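**Q** Mind looking at a prediction? Sequence and model below.
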Amino acid sequence: MSRWARLAVIVALAAVVIVPAILYISDALVLRYRLGRGAGRDTVTVYFATRLKNGKFEVFTDRPQTEVCAQALFPHFGLRPCWYVRRSGGVKVI
């Protein structure tokens, strides 16, 4: 294997494995720091919904629930990211 091919494999490995791992770990560390200072969490109102046989959804608006979410890029410590909870429209399909 030539020197340039070996270098290309190392760069590709770094791009695929090492960079996302560093991003995930740094996101967890920042969230842990925020949680230690009393921030980093938010509450979002969500509604339960179920899929009907005709393909539509029935949303149960009579029982809103609050979900605690993490202000992070990835899910950590059993909490979903707030951007993901809000993106789903506040509806959790059961």
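**A** Thanks, I have it.
**Q** Do a quick rundown of the helices in the chain.
**A** Ranges of helices within the chain are 3-13, 19-36, 82-87, based on DSSP state H.
**Q** Off-centre distance for the helix or strand of the chain with the lowest mean pLDDT?
**A** Within the chain, no helix or strand scores below strand 91-93, which has a mean of 75 by mean pLDDT, DSSP states H and E. Averaging C-alpha positions (C-alpha atoms, centre = their mean, to the nearest Å) puts strand 91-93 16 Å from its chain's average.
**Q** and residue 59, which of the helices of the chain is closest to it?
**A** helix 82-87 (15.5 Å; C-beta to C-beta). Heads up, the C-betas are built off the backbone N, CA and C, glycines and all.
**Q** Show me what the closest one is packed against.
**A** For helix 82-87, the elements it packs on are strand 41-51, strand 57-70, judged by 3 or more C-beta pairs under 8 Å, 6 or more residues apart in numbering; DSSP states H and E.
**Q** most packed of these?
**A** Compared across those, strand 41-51 shows the largest average neighbour count, a mean of 14 (mean count of other C-beta atoms under 10 Å).
**Q** Describe which strands that strand pairs with in its sheet and in which direction.
**A** Strand 41-51 has these partner strands in its sheet, going by DSSP bridges: strand 57-70 (antiparallel), strand 91-93 (parallel).
**Q** and residue 67, what does it touch?
**A** By C-beta atoms under 8 Å, 6 or more residues apart in numbering, the contact set of residue 67 is 43-46, 80, 85, 92.
**Q** Any idea which of the strands paired with strand 41-51 gets closest to residue 10?
**A** Relative to residue 10, the nearest member of these by C-beta to C-beta is strand 57-70, separated by 33.4 Å.
**Q** and the angle from that closest one to helix 19-36?
**A** 80 degrees (axes from the mean of the first three to the mean of the last three C-alpha atoms, to 10 degrees).
**Q** Which stretch among the strands paired with strand 41-51 approaches residue 76 most closely?
**A** Of all the strands paired with strand 41-51, strand 57-70 sits nearest to residue 76, with 5.6 Å by C-beta to C-beta.
**Q** pLDDT on that closest one, on average?
**A** Per-residue pLDDT over strand 57-70 has a mean of 88.
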